[in-house]
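[1] structure, please.
(one chain, ligands or ions: 2)
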Amino acid sequence: MRYIEASSTGPLRGTVHIPGAKNSSLALLAAACLADDIVSLEGIPRIEDVRIVEGIGRDIGMELRREDERIVIDPRFIHSAAIDPGKASSYRASYYFAGALLAKFGSVTIGFPGGDDFVARPIDQHIKAFRALGAEVRLASDHYVVEAAELKGADIYFDTVTSGATINAMLAASRARGRTRLRNAALDPEVVDTAHFLNRLGARIYGAGTECIRIEGVPYLNGGSHTVIPDRLIAGAFLMAAGLRGGQVTVQNIIPEHLGSCLAKLEEIGMHVECGDGRITASGTGMLKATRVRAGMYPGFATDLQQPMTSLLLLAGGKSIVTDRVFPKRFAHVPQLRRLGADIEIRRESAFIRGGLPLKGDWVHATDVRAGTSLLLAGLAAEGRTRITGVEHLERGYEDVVASFRAIGAQVAMREMDERELGERLPLQG
Ligand SMILES: CC(=O)N[C@H]1[C@@H](OP(=O)(O)OP(=O)(O)OC[C@H]2O[C@@H](n3ccc(=O)[nH]c3=O)[C@H](O)[C@@H]2O)O[C@H](CO)[C@@H](O)[C@@H]1O
Ligand SMILES: C=C(OP(=O)(O)O)C(=O)O
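    Ligands and ions are numbered 1, 2, ... in the order given. Below you'll find the predicted structure:
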């Protein structure tokens with residue numbers, strides 16, 4: 001079994017080039033099914049979730065070919081709208097194939113979404129949107145079927161703000177007959193990126209990035225090319241790394257506005273942030289102030305940055321409180337941080353942190369991608385060695401997490417567990 005070893009490290013300094021956003025890439029790759037000609041996507045990261053999409057593409061006859069930094073997709077010969085339930089369930093964003101294949105072929109059979117298993121993650125708003133557009137949705141034990149003789153534009157008012165269902169409804173409505181209006185839509189950059197991509201292919205989507213999106217359905221979509229937006233979540237975690245011991249980290253290839261709430265919070269706790277053209281530099285002084293974080297939907301503080309931020313706040317003297325309003329039980333990293341000596345209590349739906357205490361390395365287990373980032377940051381701040389299992393979760397989101405942290409001077413290495421270590425590793429849950 002592999003694990004990542006992180007050792008106590010001094011100030012982290014350096015520059016990291018940020019890859020394309022995982023969450024946008026997964027939407028764009030499925031959206032490419034909707035085109036009637038060849039599509040080229042630049043900046044798609046080489047991560048595990050994308051490899052699963054490549055497997056799904058092979059199964060259904062959608063050709064995906066890597067050419068340097070580009071993926072060239074030929075959707076003209078898709079011969080099946082049945083997605084293997086195992087593949088669909090091995091990552092979250094498989095639900096985008098439901099919206100895209102439904103719009104193109106009027107029918108799709110697909111497994112339930114998987115992904116980070118930190119809480120129940122319903123898809124009722126996706127289903128509500130498909131039904132509103134005229135589709136019938138049937139749920140079976142390991143898959144669901146969505147069918148429509150014809151999709152017709154509709155007014156859809158989401159019960160809650162969801163980026164996944166907003167994007168999925170856009171995919172399905174882009175080729176529906178007539179006008180669709182999405183209300184209470186998510187404002188996330190990934191929603192805007194997907195709308196930009198579809199519009200490049202000839203879709204007519206207006207207002208993406210506001211709570212009301214209007215879609216005028218079109219009968220076909222052309223080919224075209226697009227560059228995925230940079231990964232604001234990876235960037236945010238690297239900027240936090242600068243705060244661990246008073247270092248300085250620059251992230252380049254980033255859209256600073258995408259990180260507004262994160263940057264504001266870093267300044268609030270005493271870090272210095274400077275934004276330039278496509279780059280952000282964060283510096284720490286070695287002294288951090290405790291704060292209150294409430295993760296919310298964009299442009300609020302991202303839930304995907306809540307876990308790494310919790311690790312950073314372990315170093316801020318005093319009491320911090322972290323609440324996640326998007327996934328209120330997303331705290332699987334907390335028992336693991338406690339193994340390193342963190343003083344954190346979960347009360348109701350918040351983590352109460354008493355920061356400024358020494359941390360000491362131990363075995364810990366990453367249960368999801370951002371829990372992994374959180375443990376990595378804490379491991380770099382802890383005395384001695386921290387060994388993190390659950391590497392496969394990190395690999396869902398990072399191309400090469402070890403190399404990118406080494407680039408800023410972190411002492412990290414990928415290791416293979418030997419028999420002695422297997423015995424030494426204590427039960428890691430709880
Ligand atoms: C692949 C992908 O893009 N994943 C991201 C996506 O996940 P995901 O698509 O699961 O998240 P959503 O934005 O849809 O979820 C936002 C909120 O809406 C709720 N909800 C969602 C759908 C639904 O049908 N019903 C419902 O109640 C969720 O439980 C959550 O409370 O956005 C999350 C919130 O920014 C991020 O943490 C994930 O990294
Ligand atoms: C929750 C995440 O991913 P997913 O939705 O793909 O599980 C994440 O990227 O933090």
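
[2] I figured Asp188 hits Gly296, correct?
    No - between Asp188 and Gly296 there is no contact under Cβ atoms under 8 Å: 11.6 Å. No exception for glycine: its C-beta is placed from N, CA and C like everyone else's.

[3] mind checking which of these two has more residues around it?
    Between Asp188 and Gly296, Asp188 has the larger neighbour count (other Cβ atoms under 10 Å), namely 25 against 17.

[4] that one: what's it in contact with?
    Residues near Asp188 by Cβ atoms under 8 Å, 6 or more residues apart in numbering: Ser163, Thr166, Met297, Tyr298.

[5] for Met1, same thing?
    Applying Cβ under 8 Å, 6+ apart to Met1 gives the contacts Thr389, Glu416, Met417, Leu422.

[6] can you get me a residue count around the second one?
    When counting by other Cβ under 10 Å, one arrives at 8 neighbours for Glu416.

[7] chain neighbours aside, what residue packs nearest to it?
    Sequence neighbours aside, Arg2 is the residue nearest to Glu416 in space, at 5.8 Å (criterion: Cβ to Cβ, 6 or more residues apart in numbering).

[8] go ahead and confirm that neighbour touches Glu421.
    No - Arg2 is beyond contact range of Glu421, at 11.3 Å (criterion: Cβ under 8 Å).

[9] tell me if Glu345 really is in a strand.
    Yes - counting by DSSP: H, G, I helix; E, B strand; the rest coil, Glu345 is part of a strand.

[10] so what's the residue count around it?
    Using other Cβ under 10 Å, Glu345 has 11 other residues around it.

[11] ditto for Leu244
    Leu244 has 24 nearby residues by other Cβ under 10 Å.

[12] surely it is in contact with Leu377?
    Yes - the criterion here is Cβ under 8 Å, and Leu244 meets it with Leu377 at 6.4 Å.

[13] between these two, which contacts overlap?
    Common neighbours of Leu244 and Leu377 (Cβ under 8 Å, 6+ apart) are Leu312.

[14] which single residue of the stretch 301-430 of the chain ends up nearest ligand 2?
    For the stretch 301-430 of the chain and ligand 2, the shortest gap (Cβ to the nearest ligand atom) falls at Asp304, measuring 3.9 Å.

[15] wait, isn't that residue in contact with Leu233?
    Yes - when contacts are counted by Cβ under 8 Å, Asp304 is listed as touching Leu233 (4.5 Å).

[16] mind listing the shared neighbours of those two?
    Arg370.

[17] helix, strand or coil for whatever residue of the stretch 1-150 of the chain ends up closest to ligand 2?
    Closest approach between the stretch 1-150 of the chain and ligand 2, counting by Cβ to the nearest ligand atom: Gly115, at 2.8 Å. At Gly115 the chain is in coil, as set by three-state DSSP.

[18] my guess is it contacts Tyr95, does it?
    No - with contacts counted by Cβ under 8 Å, Gly115 stays clear of Tyr95, the gap being 9.5 Å.

[19] more crowded one of these two?
    Legend: neighbour count by other Cβ under 10 Å for Gly115 and Tyr95, higher for Tyr95 (27 against 19).

[20] helix or strand for the more buried one, which one?
    Using DSSP states H and E, Tyr95 falls within helix 95-105.

[21] now do the buried residues in that helix.
    Tyr95, Tyr96, Phe97, Ala98, Gly99, Ala100, Leu101, Leu102, Ala103, Lys104 (16 or more other Cβ atoms under 10 Å).

[22] need the residues that contact the lowest-mean-pLDDT helix or strand in the chain.
    When each helix and strand of the chain is scored by mean pLDDT, DSSP states H and E, helix 419-424 comes last, with a mean of 78. Residues outside helix 419-424 that contact it (Cβ under 8 Å, 6+ apart): Met1, Trp363, Arg387.
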